[in-house]
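> Below is the sequence, then the predicted model.
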Amino acid sequence: MHLASRFALIGLVALSATAARAHAVLERKEASPDTSYRGVVQITHGCAGSPTTQVSVTIPEGVVGAKPMPKPGWQVTTTKGAYAKAYPYYHGSISEGVKTVTWTGGSLPDDEVDEFTFFARISDAFTPGQTVHFPVQQDCEKGSHNWSEIPPVGTSAHALKEPAPSVRIVAAPTSASASAQDYTAGALRIGHPWSRATPAGAKVAGGYLTITNTGTEPDRLTAATLDGASQGEVH
């Protein structure tokens, strides 16, 4: 595996698991204006013991260009519509797009967890300090959960029975803070290594990073190790 070009590395490592959350939540809690956002909706339980059979995410106004990630065993559909206004979008503007993303046809047991992913762009309509809510409708073989409650401004969502998953808008990192997450090893530049928390009972986890070879000679990646893990695999 030569490193003459940029590629993503996924390492499977054995890590300690963290407790699963009680509600439908978004894995990424923060985003910045005018940046891409990877939305990962985590479903951690069914409906009073009944398996989950459908998950639908509402894309709020100001979040544009949403695209769902296909999920094995599930069918994904979208509904589209016009935005309230046109938003800057890469090299032009965008005035309509996906309003809801729905996964159906699968069956997620109550005692298992899973993730439903979409990609979108946080527009410049938001400013740091705001909170953006993504209502989620969870339907089961028996019963449902409507994760759509939004707390009044200045109050906490902790008291709500079925709070909508939310993302806090923060200022984009400066070049100095961004570079603090990069590392070098000779001519290799390692960009922003990260790994998300694992659900309860998980024995493996995925780690992600980008390696760029800035030198003139090809290099070879031969292994991956991590303190606290019994083994690592390169994918």
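Cool, got the structure.
> and the lengthiest strand in the chain, what does it pack onto?
As assigned by DSSP state E, the longest strand anywhere in the chain is strand 92-108. Strand 92-108 makes packing contacts with strand 52-58, strand 63-68, strand 75-89, strand 114-122 when contacts are defined by 3 or more C-beta pairs under 8 Å, 6 or more residues apart in numbering; DSSP states H and E. No exception for glycine: its C-beta is placed from N, CA and C like everyone else's.
> most tightly surrounded among the ones you listed?
Comparing these by mean neighbour count (mean count of other C-beta atoms under 10 Å), strand 52-58 comes out on top with a mean of 22.
> quick one: strands adjacent to it?
Strand 52-58 pairs in its sheet with strand 92-108 (antiparallel), strand 136-140 (antiparallel), by DSSP bridges.
> and Ser195, which of these is closest to it?
strand 92-108 (22.9 Å; C-beta to C-beta).
> Now do that closest one, average pLDDT.
Across strand 92-108, pLDDT averages out at 96.
> circling back: any chance of the helices and strands packed on strand 92-108 in a markdown table, plus mean pLDDT and distance to Thr155?
Shown next, in a markdown table, are the helices and strands packed on strand 92-108 (pLDDT from 0 to 100; distance: least, C-beta to C-beta, whole Å):
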| stretch | mean pLDDT | distance to Thr155 |
| --- | --- | --- |
| strand 52-58 | 98 | 21 |
| strand 63-68 | 97 | 23 |
| strand 75-89 | 97 | 26 |
| strand 114-122 | 96 | 23 |
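> for the closest residue to Gly49 other than its chain neighbours, helix, strand, or coil?
Excluding its sequence neighbours, the residue lying closest to Gly49 (C-beta to C-beta, 6 or more residues apart in numbering) is Asp110, at 4.9 Å. Per DSSP: H, G, I helix; E, B strand; the rest coil, the secondary structure class of Asp110 is coil.
> List the residues that contact Asp110.
His45, Gly46, Cys47, Gly49, Ser50, Pro51, Thr52 (C-beta atoms under 8 Å, 6 or more residues apart in numbering).
> What about the fifth one, how many residues nearby?
For Ser50, the neighbour count with other C-beta atoms under 10 Å is 16.
> Quick check: phi and psi on it?
phi -90, psi 140 (degrees, to the nearest 10).
> And the first one, by the same measure?
His45 adopts backbone torsions of phi -160, psi 170, taken as degrees, to the nearest 10.
> and it, how far is that from Glu217?
52 Å (C-beta to C-beta, to the nearest Å).
> and what of the second one?
From Gly46 over to Glu217 the distance is 54 Å, taken as C-beta to C-beta.
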